[in-house]
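> sequence unknown, structure follows:
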């Protein structure tokens, strides 16, 4: 486990099996988990944490593979609509959710080319956890979805951004500039931004 600051730690992602980064945020009453990964290390660590609330950024197996084994009750699980569809439970986040528990956690729906029904999470209006929300899918970046995502991210208060599967800490300006540069590569009448142009 890697310590990010006094109240956030990370279980690092793995390639075999493919498992996303898992973030552990210590509140006063609860421990908040962002994604649960799919490997044994993440599962065993998360099983040992009491009073946990889980937030799943999106429905892909590397981010939610351990969810069934952890079996949280609906009130302890925050999901997007597609994660709810695949998992069959949890509290669906359709509008921003605000939680205060020694830390301030805000959960937002995030339009994403990578996965429908994605969520993003801010902690203390400082760090934002994006999961895979800023990545493309195999077709590339959906132009209209990317426009909406950039607009939403500009309006969320944060200073530094963390993507899953990436150890880089991006400033808000760096993240927005990167996304706007990609968006600038769009071609007239093309619904997707061709990845070969990036």
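Cool, got the structure. All values derive from a computational prediction rather than experimental measurement.
> please list all residues in contact with the one residue sitting closest to the centre of the chain.
Using Cα atoms, centre = their mean, the residue of the chain that lies closest to the mean C-alpha position is residue 131, 2.8 Å off. By Cβ atoms under 8 Å, 6 or more residues apart in numbering, the contact set of residue 131 is 20, 34-35, 57-58, 63, 118-120, 163-164. Every C-beta, even on glycine, is put in place using the N, C-alpha and C of the backbone.
> nearest to residue 170 among those?
Lowest distance from residue 170 to those (Cβ to Cβ) belongs to residue 163, with 7.5 Å.
> what's the nearest residue to the closest one if we skip its chain neighbours?
residue 130 (5.0 Å; Cβ to Cβ, 6 or more residues apart in numbering).
> doesn't residue 120 make contact with that neighbour?
Yes: here residue 130 reaches residue 120: they are 5.4 Å apart, a contact under Cβ atoms under 8 Å.
> and the gap between the residue nearest to the centre of the chain and residue 194?
Distance, residue 131 to residue 194, using Cβ to Cβ, to the nearest Å: 24 Å.
> phi, psi for residue 153 please.
Torsion angles at residue 153 (phi, psi; degrees, to the nearest 10) stand at phi -60, psi -30.
> next: residue 100.
phi -130, psi 120.
> distance check, it against residue 27.
The gap separating residue 100 from residue 27 is 9 Å, by Cβ to Cβ.
> in contact with the nearest residue to residue 124 once chain neighbours are set aside, which residues?
Of all residues not flanking residue 124 in the chain, residue 104 sits nearest, at 5.2 Å (Cβ to Cβ, 6+ apart). Applying Cβ under 8 Å, 6+ apart to residue 104 gives the contacts 98, 123-125.
> of these, which is the most crowded?
Ranked by the number of neighbours (other Cβ atoms under 10 Å), the contacts of residue 104 place residue 123 first, at 23 neighbours.
> what is the burial count for the residue lying closest to residue 7 once chain neighbours are set aside?
For residue 7, ignoring the flanking residues on the chain, the nearest one in space by Cβ to Cβ, 6+ apart is residue 26 at 4.5 Å. The local packing of residue 26 (other Cβ under 10 Å) involves 15 other residues.
> give the contact list for residue 26.
Residue 26 touches 7-8, 102-103, counting by Cβ under 8 Å, 6+ apart.
> residue 32 now?
Counting by Cβ under 8 Å, 6+ apart, residue 32 touches 24-25, 52-55, 99, 101, 103, 105.
> which among those residues end up buried?
24-25, 52-55, 99, 103, 105 (16 or more other Cβ atoms under 10 Å).
> residue 142: which of these is nearest?
residue 55 (23.7 Å).
> make sure that closest one is actually in contact with residue 119.
Yes: using Cβ under 8 Å, residue 55 makes contact with residue 119 at a distance of 6.5 Å.
> find the residues that touch each one of the two.
Contacts common to residue 55 and residue 119, judged by Cβ under 8 Å, 6+ apart, are 78-79, 107.
> about what we covered before: tell me which of the buried ones among the contacts of residue 32 fall in strands.
Among these, the members falling in strands are 24-25, 52-55, 99, 105 (criterion: DSSP state E).
> coming back round to it: name the residues contacting each of residue 130 and residue 120.
Common neighbours of residue 130 and residue 120 (Cβ under 8 Å, 6+ apart) are 57, 110.
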